[in-house]
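Peer 1: kindly return the folded structure for what I paste below:
(one chain, ligands or ions: 1)
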Amino acid sequence: MEYDQNNIFARILRKEIPARSVYEDEFAFGFHDLSPLAPIHILIIPKGPYLSIADFSAQATAEEITGFWRAVSHVAKQQGITRDGFRIVSNSGPNAGQEVPHFHVHLLGGTSLGPILE
Ligand code: 5GP
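Peer 2: A predicted model of the protein is given here:
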């Protein structure tokens, strides 16, 4: 599958669609999920055109990968959830229910999250 330049997160990155931003640097953009599943539910996306975590890991430069995960860590600290704990989820492909074909991680926290699968 080819990367779709008009997926919703690509459009958010181009500022064609508004998002409630919490973090931005040259590698990553963090913003509130439109339909939060936890008191803190932030999406963090790399700026490059990667479909999934597999594409990102295989195709991004080391600098992009490091920059992205540093941004994830920064947002967790910024949101004040590192002491009580948080969860990072990345859905990849149809079996995982990935809706938006631009690699993203969900950063979830602010409450006890329960088991991963219910
Ligand atoms: P996925 O199922 O692909 O892992 O998650 C996509 C996430 O993007 C969902 O949690 C959904 O609520 C969120 N989402 C979809 N469209 C938008 C949007 O236009 N703005 C924001 N902020 N979140 C969105």
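Peer 1: which secondary structure elements does the longest helix seen in the chain sit against?
Peer 2: In the chain, taking DSSP state H as the definition, the longest helix is helix 62-78. On a contact count with 3 or more CB pairs under 8 Å, 6 or more residues apart in numbering; DSSP states H and E, helix 62-78 meets strand 21-24, strand 28-32, strand 40-46, helix 53-59, strand 105-109. From N, CA and C alone the C-beta is placed, and that goes for glycine too.
Peer 1: quick one: Glu24 and the ligand, what's the gap?
Peer 2: Glu24 is 14 Å from the ligand, where distance means CB to the nearest ligand atom, to the nearest Å.
Peer 1: neighbours around Ala62, how many?
Peer 2: 7 (other CB atoms under 10 Å).
Peer 1: also Pro18?
Peer 2: Neighbours of Pro18 using other CB under 10 Å come to 8.
Peer 1: ok so, going back, now tabulate the helices and strands packed on helix 62-78 in a markdown table and tack on mean pLDDT, mean neighbour count and distance to Glu99.
Peer 2: A markdown table is the format used below for the helices and strands packed on helix 62-78 (pLDDT from 0 to 100; neighbours: other CB atoms under 10 Å; distance: least, CB to CB, whole Å):
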| stretch | mean pLDDT | mean neighbour count | distance to Glu99 |
| --- | --- | --- | --- |
| strand 21-24 | 98 | 15 | 20 |
| strand 28-32 | 98 | 20 | 15 |
| strand 40-46 | 98 | 22 | 11 |
| helix 53-59 | 97 | 15 | 15 |
| strand 105-109 | 98 | 21 | 11 |
